[in-house]
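S.K.: When you get a sec, could you give me coordinates for this:
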Amino acid sequence: MTPTHRAGPFGAILCPVDFSAHSRAALRYAAALATRAGASLTVLYVNDPLLVAAAAAAYDERALAARSTAELRHFVRGALGERAAAAVRTATALGPPAQAIQRAVRQSHADLIVLGSAGLSGAPRLLFGSTTARVLTHARVPVLTIPPGRPAMTLKRWPGARVLAAIELGRRARRDVATARVLARWFDAGLALVHVLEPTRTPRWLPVNRAAHDREREQQARAHLQRLAEAGIETHLMLGSPADQIAALAGDIGAGLVILTLHGRDRLFGDRQGVTTYRVVCHAATPVLAVPERWVPPAARQASR
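M.R.: Residues are numbered from 1 along each chain as shown. The predicted structure follows:
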């Protein structure tokens, strides 16, 4: 895409689509980000191998691949218009969708994946629900998920005045805040931090005052969170289910983007990478940017040199 804004943290973007209206919206977000960052954009469609095998019984496999490519190009032109589509690379792949997406990331040198959080349920299309969960589990680059119903007219102003970053209070917290701060600045948005404490759960027979214990935990967490925040950064401490609370707070404060760090085996983020992130994706009406633990934005890399 032709750069019209300052260079950003992403140089190559991959957008998998399934031809649904939802993935068309995700593609428009990907194109807007590519334009803003001066990044290349590759649009990917994955043919399921079982469906290809079934179709090959009635059609020539090469003809089927050519038809998929033509349909993909038509889809991109319809979503972006002729002029913008001319700068977009299209690619088709064969295989399990999540694996094909990761392979395409390596081949295109993508440093951001943009995809819808849900798609068509029909067999001929990429099933985004389960695919998104698998992409998050194995992600080595940031993944931006777009929820259904996001209007394209908001793209010029997106993400708006505020970005919400969910922070796990541990040894990585300061780095996670620094990453969120760099991203918020690139988006020209204010930054809000949130940490969610899950209520203490103990067996009924154990004589523990859970309410008093949770109050002490809240005081300690609030102080920790405030130490992490710079002037002008608001903080929120909540008690409950992380996925529910993060998604609800994003709507309450009008955040246009939620940033989460994909920690592999942290308590808050589940036993596998992306477990809670995927729950937030399913609950939120806000785009979610999931950032792998070891990912560092270019501005932070330059500052550390």
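
S.K.: mind listing the strands for the chain?
M.R.: 12-16, 40-47, 89-94, 112-116, 143-146, 162-166, 190-197, 234-239, 257-262, 288-292 (DSSP state E).

S.K.: Indicate which one of those is closest to Arg172.
M.R.: The minimum distance between Arg172 and those falls on strand 257-262, with 7.2 Å, by C-beta to C-beta. Glycine gets a C-beta too; all of them are placed from N, C-alpha and C.

S.K.: Let's have the strands of the chain in a markdown table, adding mean pLDDT.
M.R.: As requested, the strands of the chain are exported to a markdown table (pLDDT from 0 to 100):
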| stretch | mean pLDDT |
| --- | --- |
| strand 12-16 | 96 |
| strand 40-47 | 93 |
| strand 89-94 | 90 |
| strand 112-116 | 94 |
| strand 143-146 | 94 |
| strand 162-166 | 96 |
| strand 190-197 | 95 |
| strand 234-239 | 94 |
| strand 257-262 | 94 |
| strand 288-292 | 95 |
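
S.K.: Can I get those in JSON lines including distance to Leu249 and mean neighbour count?
M.R.: Formatted as JSON lines, these follow (distance: least, C-beta to C-beta, whole Å; neighbours: other C-beta atoms under 10 Å):
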{"stretch": "strand 12-16", "distance to Leu249": "28", "mean neighbour count": "26"}
{"stretch": "strand 40-47", "distance to Leu249": "31", "mean neighbour count": "24"}
{"stretch": "strand 89-94", "distance to Leu249": "37", "mean neighbour count": "16"}
{"stretch": "strand 112-116", "distance to Leu249": "23", "mean neighbour count": "28"}
{"stretch": "strand 143-146", "distance to Leu249": "17", "mean neighbour count": "25"}
{"stretch": "strand 162-166", "distance to Leu249": "7", "mean neighbour count": "26"}
{"stretch": "strand 190-197", "distance to Leu249": "6", "mean neighbour count": "22"}
{"stretch": "strand 234-239", "distance to Leu249": "6", "mean neighbour count": "17"}
{"stretch": "strand 257-262", "distance to Leu249": "9", "mean neighbour count": "26"}
{"stretch": "strand 288-292", "distance to Leu249": "13", "mean neighbour count": "24"}
